[in-house]
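Peer 1: Requesting a structural model of the entry that follows:
(2 chains)
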Amino acid sequence: MMRVALYQARDVARSRWLSAYALFFLGATEFLIRVQGGDARSLLSLANVVLYLVPLVTVVFGTVYVYGAREFTELLLAQPVHRRALFGGLYAGLTAPLVVALWVGVGVPFLLHGAQGHGAMLAALLVAGGALTMIFSALAFCIATWCEDRLRGLAAAIGVWMLAAILYDGLVLLVVAAFADYPIERAMLALTLANPIDLARVTLLLQLDISALLGYTGAVYQRFFGSALGTGLAVGALAAWIAAPIGAGMRAFGRRDF
Amino acid sequence: MITAHGLWKRFGGVDVLRGLDADITAGRVTAIVGPNGAGKTTFIKSILGLTRLDRGTLLFDGEPVTGDERYRRRIGYMPQIARFPENLTGTELLAFLRELRGQPVTDDTLLDELQVRAALPKPLRVMSGGTRQKVNAAAAFLFRPALLILDEPTSGLDPVSAGILKRRIHAERIAGRTVLLTSHVLSEVEELADDVIFLCDGQARFTGALTALKRSTGQATLERSLATLMTAEDAA
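Peer 2: Got it, this is the predicted structure:
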């Protein structure tokens, strides 16, 4: 599995898209530090960029890559390797370079300029970005394995991102508006746990001292996610969000006909 | 070496294999021929474990191919389309396969015969389609596998390289290895194959020696023999 991962990572790391991805974060982070001085606000702006862009790039790049590697995957499957081990290697080899590119792009400017007392927030941002990469690259494997047709697969990838990044918030707002007269804080918490991007966003926002700005729900979140139980639950939910698509992808990869 | 009995496979509502029976004898060159959609690729992929059969038994040296993957240590596969990770070099690709198989490279002479060794340090992305096809061919022979599975081996190769590959297949046969190939070029099949499996609509319409096929149909060439077989089917 490690051998597959290493060669696959080498191929991904040399792709021009990956360099562009790392350079983009490098430029954006550097820009935000210079313009906003690297304070909590610049980290917040950066967090927004990460929360939208990381899932989008990962799921689209991942889906395109897996489709493109279809014939080579068949050659690999014809070798004496176990399917699940091969899947693990391919997944790790695709995901690791994406995580490293993000970490280098965001981390290096802060290393040069110093995190200025926002080390915990920066660390949380890097962890959340890494987790989102792992989740959405696993989803890319699921899509490309389930869906034979490349165009439909790509559409599904973009659809998954739209749903998680944009539509979900609208749905949550609808729920809030419809049930405004009821105590729905607990339901809101559940809804937050059900979307990885929301989950990452809330966890990140709570690292800043601005959660009071989120109003009453924010206070509920603060009390909940601020507690040891809440943090544990958030981390557990993120871990489940990583494990579930990996498991589903591995299962599909193990069963499908190539 | 391979025994197939009653293989059925359904793909998207179509029965691609419909009770295929065939034997592939060790130490011989067997060619699978048949029209497009006859099930040639599905049969090959079943042997490699890429495709899971709905029904039937498929044995490799007496062991079912659905068991563990170790039987594939003895198979070298040359797919029809050579598409490799773009940003790896040829050298890295061959090292990848070697490490994945955990076997030493015991036969890289085809790299020299096809004059492709000099191109190996380049990324696969910048190689021409023909060069990639040569790397693809050489990769299948690297580990001296007991069984070579070659899917349309000469398509995409220039005539000189195709000739080199054909001589090589012949040499492998003399060295006692088993070769299974598909081809649309019937003259090539006649040149190389000892046995023929004629697939049509997911069934084997003929399996056996090429000479026996010609004798039974009373025709001098494979092409005419197959034509005779098909018209006989239609009449029946």
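Peer 1: and the gap between A:Leu23 and chain B?
Peer 2: Per Cβ to the nearest Cβ, to the nearest Å, A:Leu23 is found 17 Å from chain B. C-betas here are computed from N, CA, C, even on glycine.
Peer 1: Could you tell me how many residues sit around that residue?
Peer 2: A:Leu23 has 13 neighbouring residues, counting by other Cβ atoms under 10 Å in any protein chain shown.
Peer 1: a helix runs through it, doesn't it?
Peer 2: Yes - counting by DSSP: H, G, I helix; E, B strand; the rest coil, A:Leu23 falls inside a helix.
Peer 1: What residues sit buried inside the longest helix belonging to chain A?
Peer 2: If you go by DSSP state H, chain A has its longest helix at helix A:83-113. For helix A:83-113, a neighbour-count test (16 or more other Cβ atoms under 10 Å in any protein chain shown) marks A:83, A:86-103, A:105-107, A:109-110 as buried.
Peer 1: Stretch B:146-157 too?
Peer 2: Using 16+ other Cβ under 10 Å as the test for burial, stretch B:146-157 gives B:146-154, B:156-157.
Peer 1: One more: stretch B:167-183?
Peer 2: B:168-169, B:172-173, B:177-183.
Peer 1: ok, now stretch B:192-211?
Peer 2: Neighbour-count burial for stretch B:192-211 [16+ other Cβ under 10 Å]: B:192-200, B:202-208, B:210.
Peer 1: Over to stretch B:224-231?
Peer 2: For stretch B:224-231, using 16+ other Cβ under 10 Å, the buried residues are B:225-226, B:228-229.
Peer 1: Closest one of these to B:Glu69?
Peer 2: Nearest to B:Glu69, judged by Cβ to Cβ, of the buried residues of stretch B:224-231 is B:Leu226 at 35.2 Å.
Peer 1: Specify the local secondary structure of the residue nearest to B:Leu88 when sequence neighbours are not counted.
Peer 2: Spatially, and ignoring its direct neighbours in sequence, B:Leu88 is nearest to A:Asp11 (5.2 Å; Cβ to Cβ, 6 or more residues apart in numbering or on different chains). Look at A:Asp11: counting by three-state DSSP, its state is helix.
Peer 1: pretty sure A:Asp11 contacts B:Phe84?
Peer 2: No - counting by Cβ atoms under 8 Å, A:Asp11 does not reach B:Phe84; the two are 9.0 Å apart.
Peer 1: circling back to that earlier point, when you check chain A, which of the buried residues of stretch B:167-183 turn up near it?
Peer 2: Counting by Cβ under 8 Å from any Cβ of the partner chain, nothing from these sits close to chain A.
Peer 1: Restricted to strands, list these.
Peer 2: Among these, DSSP state E puts B:178-182 in strands.
Peer 1: Just the helices from the chain, written as ranges.
Peer 2: Answering for chain A, as no chain was given. With DSSP H as the criterion, chain A has helices spanning A:2-13, A:16-36, A:40-68, A:70-77, A:83-113, A:119-146, A:150-162, A:168-178, A:185-193, A:196-205, A:215-226, A:228-255.
Peer 1: Correction: the question concerned chain B.
Peer 2: Ranges of helices in chain B, per DSSP H, are B:40-48, B:90-101, B:109-113, B:129-141, B:159-174, B:186-192, B:210-217, B:222-235.
Peer 1: Residue numbers of chain B in contact with chain A?
Peer 2: Near chain A, when you scan chain B using Cβ under 8 Å from any Cβ, you find B:11, B:45, B:48-52, B:68-73, B:75, B:77, B:79, B:81-88, B:92, B:96-97, B:99-102, B:123, B:149.
Peer 1: by contact count, what packs against the longest helix of chain A?
Peer 2: Contact here means 3 or more Cβ pairs under 8 Å, 6 or more residues apart in numbering or on different chains; DSSP states H and E; on that basis helix A:83-113 packs against helix A:2-13, helix A:16-36, helix A:40-68, helix A:70-77, helix A:119-146, helix A:228-255.
Peer 1: pLDDT score for the residue nearest to B:Leu88?
Peer 2: pLDDT, A:Asp11: 95.
Peer 1: Check B:Ala235 too.
Peer 2: Model confidence at B:Ala235, given as pLDDT, is 66.
Peer 1: do B:Thr217 as well
Peer 2: At B:Thr217, pLDDT is 88.
Peer 1: Listing request: residues of chain B with sub-threshold pLDDT.
Peer 2: Along chain B, segments meeting pLDDT under 70 span B:234-236.
Peer 1: just to revisit the earlier point, check contacts around the residue nearest to B:Leu88.
Peer 2: Taking Cβ atoms under 8 Å, 6 or more residues apart in numbering or on different chains, we find A:Asp11 in contact with A:93, B:85-88.
Peer 1: Just put those residues in TSV and tack on distance to A:Leu151.
Peer 2: As requested, those are exported to TSV (distance: Cβ to Cβ, whole Å):
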residue	distance to A:Leu151
A:Gly93	25
B:Pro85	22
B:Glu86	21
B:Asn87	24
B:Leu88	27
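Peer 1: So the closest residue to B:Thr3 other than its chain neighbours versus chain A, what's the distance?
Peer 2: Of all residues not flanking B:Thr3 in the chain, B:Leu59 sits nearest, at 4.4 Å (Cβ to Cβ, 6+ apart). Distance of B:Leu59 to chain A, given as Cβ to the nearest Cβ: 17 Å.
Peer 1: I'd guessed B:Leu59 sits against B:Ile2; true?
Peer 2: Yes - judged on Cβ under 8 Å, B:Leu59 makes contact with B:Ile2 at a distance of 6.9 Å.
Peer 1: Confidence-wise, which helix or strand of chain A is lowest on average?
Peer 2: helix A:215-226 (a mean of 68; mean pLDDT, DSSP states H and E).
Peer 1: How about the contacts made by the closest residue to A:Ala92 other than its chain neighbours?
Peer 2: Once flanking residues are discounted, A:Ala92 sits nearest to A:Ala5: 4.0 Å by Cβ to Cβ, 6+ apart. A:Ala5 is in contact with A:88-90, A:92-93, A:96, counting by Cβ under 8 Å, 6+ apart.
Peer 1: Now with 6 Å, please.
Peer 2: A:Ala5 makes contact with A:89, A:92-93, according to Cβ atoms under 6 Å, 6 or more residues apart in numbering or on different chains.
Peer 1: How confident was the prediction at it?
Peer 2: What the model reports as pLDDT for A:Ala5 is 95.
Peer 1: give me the number of residues near residue 131?
Peer 2: Just going to use chain A. Count around A:Ala131 with other Cβ under 10 Å applied: 21.
Peer 1: actually chain B
Peer 2: 20.
Peer 1: try the one 10 residues further on
Peer 2: For B:Phe141, the count of nearby residues is 25 (other Cβ under 10 Å).
Peer 1: Quick check, it in contact with B:Leu110.
Peer 2: Yes - assessed by Cβ atoms under 6 Å, B:Phe141 is found in contact with B:Leu110 at 4.9 Å.
Peer 1: so how far is stretch B:75-83 off the chain centroid?
Peer 2: In terms of Cα atoms, centre = their mean, to the nearest Å, the centre of stretch B:75-83 is set 8 Å apart from its chain centre.
Peer 1: Could you work out the end-to-end span of that stretch for me?
Peer 2: 19 Å (Cα to Cα, to the nearest Å).
Peer 1: before we move on, back to that, name the stretch among the helices and strands packed on helix A:83-113 that sits most buried.
Peer 2: Among those, helix A:119-146 has the highest mean neighbour count (mean count of other Cβ atoms under 10 Å in any protein chain shown), at a mean of 23.
Peer 1: Are that one and chain B in contact anywhere?
Peer 2: No - against chain B, helix A:119-146 shows no contacts by Cβ under 6 Å from any Cβ of the partner chain, the least distance being 13.6 Å.
Peer 1: for that helix, packing partners?
Peer 2: helix A:40-68, helix A:83-113, helix A:150-162, helix A:196-205, helix A:228-255 (3 or more Cβ pairs under 6 Å, 6 or more residues apart in numbering or on different chains; DSSP states H and E).
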